[in-house]
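Student: A structural model of the following input is requested.
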Amino acid sequence: LGSLLGLYSRLNLFWLLFHAAVISGIGATIFLFAYMTTAVPWVHTLLAFSLPAVLIFERRSSLKKSQAAALKDALEGVIPTTKVDELLNNPKPFRTDASEQILTVMFIDIVGFSRASEQLTPKDAFENLRSYFDSLIEIIHRHDGAVDKLLGDGILCYFGYRFKDVPPVKDHPDRALQCAIDIQKNSVARCIEAQKKGEPVFPVRIGINTATVYFGDLGGSRRVEFTCIGSGVNLAHRLESSCDPFRIMIGISTMDLMRSVQHESANITKKIVQIKHQFEPIEAFEYDIFPTMDPEFAEAFNAYRNYSNLQRLENRWPIPAGGTVAARTNYGNGSIIDFSRSGFGLLLDSYLGKGVTVTLDLFSEFPELQNHLDKLGKIPIVAEVRWSRRHGDGFLHGVLVKNLHDDQRQELIEILREALIFNAQLDAG
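Tutor: You can find the predicted model right below:
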């Protein structure tokens, strides 16, 4: 009986049950001796009951404390400290086995750090990165997120996790987005402050995706390491890679589950992005914390441009009339508003991300100009989007021509220069 009590009683009830059993045993012995003149060798019986019970209980308690210490070490820094204490003090069993859960996964990348770190001393690079990580992790924990791992100059984290058998968290997509917004606001402030101090300027870009993943302890028998794996995690990473600095790229599943933001929000724009290892582009949603050119954002963006030495490598020639040279594309009709020796500015109603392939057929409503365009023949122009941004009611894309040889490129430039001359004649007339 003592062994069974030590093995199967709940740890927080053991001593209550043990004392109750001992007192009952002693009481029964006294009763039998006083009223039935029956002597029971109670000392040996009590020892036979107590020793196995206490020894087994102490062993279980020691293992429980060791497991709790290991879990605490594994979870500190991953989730908020208050959450760690709450989980360890919860009487419900702690789940370390893997299970399917619906989580919102977030990848954060510190843009340009790897390249800039080559020009910093190891100590300066380390201190810069640690300071940035500290601020990011504090924001993640504030929104009840868990840090999965640090990835060189980025972070993988997730929201909606459950270590206990409790009802699932339903608002984790909204928590993730609000966390990302606060991270971007922090990034803007850090960029401005860094420029004033003459320090490196690093914005961040963020990808968010909600999916069913496999979540649990992947650390093996020697350590505890909680992580999540699945195609949804990979997609969150791809969304981050296709995102621009100071922006948040959101997967369709996350948008569908969010309650705090609607598709029609001024901060949200549907964007077609090219995902690595996928042939066809997919739809995603770009969240801009500054949908208009906020002075604070403009200061941070210019600080990043100046530090990164972002500038045009080629001269661009504008076509003032905009629409004199039009384009039929696989994403709808648009117009050419400027050009360079390797590509041109393409204005479309659709918003295309970096890496998306566009097939174009140039045309003009003016016969004189169409005659020049016909010289290209029927070969469609294949171009790749290098950058994109909002432009009036549409979206301007910088595209790089990919399929023309040198002679054809030169001929295209001459035709577009004819468009400039034609515009000048229209303006003069």
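
Student: Share the number of residues neighbouring residue 314, please.
Tutor: For residue 314, the neighbour count with other Cβ atoms under 10 Å is 9. Bear in mind the C-beta positions are built from the backbone N, C-alpha and C, glycine included.

Student: which SSE is it in?
Tutor: Assigning secondary structure by DSSP states H and E places residue 314 outside every helix and strand.

Student: Look at the residue lying closest to it once chain neighbours are set aside and say how many residues are nearby.
Tutor: Once flanking residues are discounted, residue 314 sits nearest to residue 340: 4.2 Å by Cβ to Cβ, 6 or more residues apart in numbering. Using other Cβ under 10 Å, residue 340 is surrounded by 18 other residues.

Student: pretty sure residue 340 contacts residue 318?
Tutor: No: look at residue 340 against residue 318 with Cβ atoms under 8 Å: they stay out of range, at 10.7 Å.

Student: mind listing the strands for the stretch 151-300 of the chain?
Tutor: Secondary structure of the stretch 151-300 of the chain by DSSP state E, counting those that start in this stretch: the strands cover 154-159, 204-217, 226-229, 247-250, 268-273, 282-288.

Student: Could you list every helix and strand in contact with the fifth one?
Tutor: So that's strand 268-273. strand 247-250, strand 282-288 (3 or more Cβ pairs under 8 Å, 6 or more residues apart in numbering; DSSP states H and E).

Student: ok, now the last one?
Tutor: Helices and strands in packing contact with strand 282-288 are listed as helix 172-197, strand 247-250, helix 252-257, strand 268-273; criterion 3+ Cβ pairs under 8 Å, 6+ apart.

Student: can you rerun that using 10 Å?
Tutor: helix 172-197, strand 204-217, helix 231-241, strand 247-250, helix 252-257, strand 268-273, strand 381-391 (3 or more Cβ pairs under 10 Å, 6 or more residues apart in numbering; DSSP states H and E).

Student: still on that earlier bit, can I assume the residue nearest to residue 314 is in contact with residue 417?
Tutor: No: between residue 340 and residue 417 there is no contact under Cβ atoms under 10 Å: 11.8 Å.

Student: which residues are common contacts for the two?
Tutor: residue 317 (Cβ atoms under 10 Å, 6 or more residues apart in numbering).

Student: deepest of the helices and strands packed on strand 268-273, which one?
Tutor: Ranked by mean neighbour count under mean count of other Cβ atoms under 10 Å, the helices and strands packed on strand 268-273 are led by strand 247-250, which reaches a mean of 26.

Student: Residue 356 and residue 319, how far apart?
Tutor: 23 Å (Cβ to Cβ, to the nearest Å).

Student: nope, residue 419 is what I was after
Tutor: For residue 419 relative to residue 319 (Cβ to Cβ), the value is 5 Å.

Student: hey, what's in contact with both of the two?
Tutor: Both residue 419 and residue 319 are contacted by 325, 336, 339, under the criterion Cβ under 10 Å, 6+ apart.

Student: Tell me which residues touch the last one, please.
Tutor: Same thing as residue 339. 314-319, 325, 345-346, 399, 401, 412-413, 415-417, 419-420.

Student: Could you turn the buried ones of the residues you listed into a ChimeraX selection?
Tutor: The ChimeraX selection below is limited to those of the contacts of residue 339 classed as buried (16 or more other Cβ atoms under 10 Å):
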select :319,325,345,346,399,401,412,413,415,416,419,420
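
Student: Which ones among the contacts of residue 339 lie within strands?
Tutor: If you go by DSSP state E, these have 317-318, 345-346, 399, 401 in strands.

Student: Can you pick out the most distant pair from those?
Tutor: 318 and 401 (17.7 Å; Cβ to Cβ).

Student: Could you list the low-confidence segments of the stretch 101-250 of the chain?
Tutor: For the stretch 101-250 of the chain, applying pLDDT under 70 flags the ranges 163-166, 218-224.

Student: Mind doing that once more with 80?
Tutor: Residue ranges of the stretch 101-250 of the chain with pLDDT under 80: 114-120, 162-169, 216-226.

Student: on that earlier part again, gap between the residue nearest to residue 314 and residue 412?
Tutor: From residue 340 across to residue 412, the span is 11 Å (Cβ to Cβ).

Student: Now the common contact residues for these two.
Tutor: Jointly contacting residue 340 and residue 412 under the rule Cβ under 10 Å, 6+ apart are residue 401.

Student: ranking the helices and strands packed on strand 282-288 by burial, who's on top?
Tutor: strand 247-250 (a mean of 26).

Student: on that earlier part again, ok, the ones in strands among the contacts of residue 339 vs residue 197, which is closest?
Tutor: Nearest to residue 197, judged by Cβ to Cβ, of these is residue 345 at 35.7 Å.

Student: Show the pLDDT at the closest one.
Tutor: Looking at residue 345, its pLDDT is 92.

Student: From residue 114, how far out is it?
Tutor: 30 Å.

Student: so residue 237 makes contact with residue 209?
Tutor: Yes: when contacts are counted by Cβ under 10 Å, residue 237 is listed as touching residue 209 (8.7 Å).

Student: Mutual contacts of the two, please.
Tutor: 105-107.

Student: Most neighbours among those, which one?
Tutor: Counting neighbours by other Cβ under 10 Å, residue 105 comes out on top of those with 30 neighbours.

Student: circling back: pipe the strands of the stretch 151-300 of the chain into a markdown table and attach distance to residue 176 per row.
Tutor: Putting these into a markdown table (distance: least, Cβ to Cβ, whole Å) gives the following:
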| stretch | distance to residue 176 |
| --- | --- |
| strand 154-159 | 5 |
| strand 204-217 | 5 |
| strand 226-229 | 13 |
| strand 247-250 | 9 |
| strand 268-273 | 15 |
| strand 282-288 | 11 |
